[in-house]
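Student: got a sequence here, can you build the structure:
(one chain, ligands or ions: 4)
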Amino acid sequence: MTKQKHNFCLAIEFFRKISSMKQTKILFYSVFSILFLLVGAFAAFSQEDIETVNDSAFENQTRPPVVFFHDTHNENAAIEECNACHHMFEDGKRLDDDDSIGMECSECHCSKMKDSMADLIRVYHLQCGGCHLKQKTGPVMCGECHRKR
Ligand code: HEC
Ligand code: HEC
Ligand code: HEC
Ligand code: HEC
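Tutor: Ligands and ions are numbered 1, 2, ... in the order given. Next up, the predicted model:
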């Protein structure tokens with residue numbers, strides 16, 4: 001048996017012993033429920049929750065919202081730099097060492113005005129579809145991104 005496994009067995013033994021005592025049992029369960037709540041709260045705030053691109057600039061979408069499991073997508077696509085998407089520009093140049101994390105794309109790529117909506121859609125398509133096209137992987141057909149769910 002490896003040392004690690006051995007320690008694990010000892011730990012189980014220990015917890016069995018203390019949980020057979022009434023008082024510790026209560027303590028044990030309360031610690032567990034608090035941990036459970038904390039994990040739940042953490043999950044609720046973590047960005048893992050992003051499943052679709054949900055830019056507030058789009059009020060009346062004509063197509064189903066685009067499927068985008070943020071973290072999973074970026075892991076599978078092996079994108080290391082956040083600013084590959086959340087970019088920041090200065091004097092027309094993209095900065096390597098800065099990003100716009102936390103901002104919606106529409107905050108810079110103008111939003112509500114009717115003419116700029118077309119441009120907002122264009123840049124989304126350019127950034128998402130452009131990379132898929134360039135890397136010859138990932139969806140490029142309308143229905144593959146605008147999936148009915
Ligand atoms: C492939 C493009 C892409 C990459 C790479 C990327 N993001 Fe995002 N991210 C998005 C899009 C699209 C949204 C959604 C924008 C919206 O809904 O307005 C978003 C939203 C977010 C949000 C907002 C969360 C919310 O609930 O509104 C955070 C925070 C974020 N990203 C952090 C990161 C971090 C940190 C990294 C790098 C580890 C990263 N992103 C890499 C595309 C990307
Ligand atoms: C902090 C402001 C800012 C944010 C936030 C931002 N961008 Fe940009 N983006 C710019 C600037 C500035 C340029 C370069 C000037 C231009 O062409 O508009 C640019 C250029 C682009 C281009 C190239 C445009 C072209 O015509 O070649 C694409 C595509 C793009 N952005 C997509 C996005 C997407 C998608 C998001 C959200 C994930 C996003 N941008 C978030 C400021 C921003
Ligand atoms: C820098 C490159 C890059 C950008 C930018 C990018 N993708 Fe992708 N995407 C990929 C790659 C690579 C794959 C294939 C990954 C794999 O093999 O699983 C992929 C796969 C996908 C898939 C299919 C797999 C899945 O996760 O469901 C969807 C949907 C998708 N991308 C949506 C988007 C959307 C929406 C955006 C813009 C917000 C975007 N992508 C931006 C590189 C990119
Ligand atoms: C690579 C993924 C991708 C592909 C492929 C794609 N789109 Fe989009 N599209 C987006 C994203 C991201 C947005 C902005 C967020 C959203 O609408 O959910 C968007 C927004 C739109 C919008 C504005 C919002 C709405 O629903 O009215 C229209 C219209 C649209 N796309 C039409 C199309 C058409 C038509 C095609 C095929 C020619 C297409 N898209 C292909 C990713 C994609």
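
Student: domains in this structure, by residue range?
Tutor: Each domain of the chain is listed here as a residue range: 3-45, 49-145, per automatic domain parsing.

Student: where among those domains is the average confidence lowest?
Tutor: Note on those: lowest mean pLDDT is at domain 3-45, with a mean of 62.

Student: quick check: residues of this structure near ligand 2?
Tutor: For the chain, the residues in contact with ligand 2 (CB under 6 Å from any ligand atom) are 85-89, 100, 103, 105, 107-109, 123-124, 126-127. Any C-beta I mention is one placed from the backbone N, CA and C, and that applies to glycine too.

Student: and with 5 Å instead?
Tutor: 85, 89, 100, 103, 105, 108, 123, 126-127 (CB under 5 Å from any ligand atom).

Student: may I see those arranged in TSV, with secondary structure as well?
Tutor: TSV is the format used below for these (DSSP: H, G, I helix; E, B strand; the rest coil):
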residue	secondary structure
85	coil
89	strand
100	coil
103	coil
105	helix
108	coil
123	helix
126	helix
127	helix
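
Student: now these in CSV, with distance to residue 78 and neighbour count?
Tutor: What follows is those, written out as CSV (distance: CB to CB, whole Å; neighbours: other CB atoms under 10 Å):
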residue, distance to residue 78, neighbour count
85, 14, 16
89, 24, 11
100, 21, 17
103, 24, 11
105, 22, 18
108, 26, 14
123, 23, 14
126, 20, 12
127, 17, 14
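
Student: of all the residues you listed, which two lie farthest apart?
Tutor: Farthest apart among the residues of the chain next to ligand 2 by CB to CB are 103 and 126. That separation is 17.6 Å.

Student: so does the helix or strand where residue 131 lies get close to ligand 1?
Tutor: Using DSSP states H and E, residue 131 sits in helix 114-135. No: no part of helix 114-135 sits near ligand 1 under the criterion CB under 5 Å from any ligand atom; the closest distance found is 6.9 Å.

Student: go on, stretch 95-106?
Tutor: Yes: using CB under 5 Å from any ligand atom, we find that stretch 95-106 touches ligand 1 at 101, 104.

Student: may I see the buried residues of that stretch?
Tutor: 99-100, 105-106 (16 or more other CB atoms under 10 Å).

Student: repeat that for stretch 134-144.
Tutor: Of all the residues in stretch 134-144, those buried under the rule 16+ other CB under 10 Å are residue 138.
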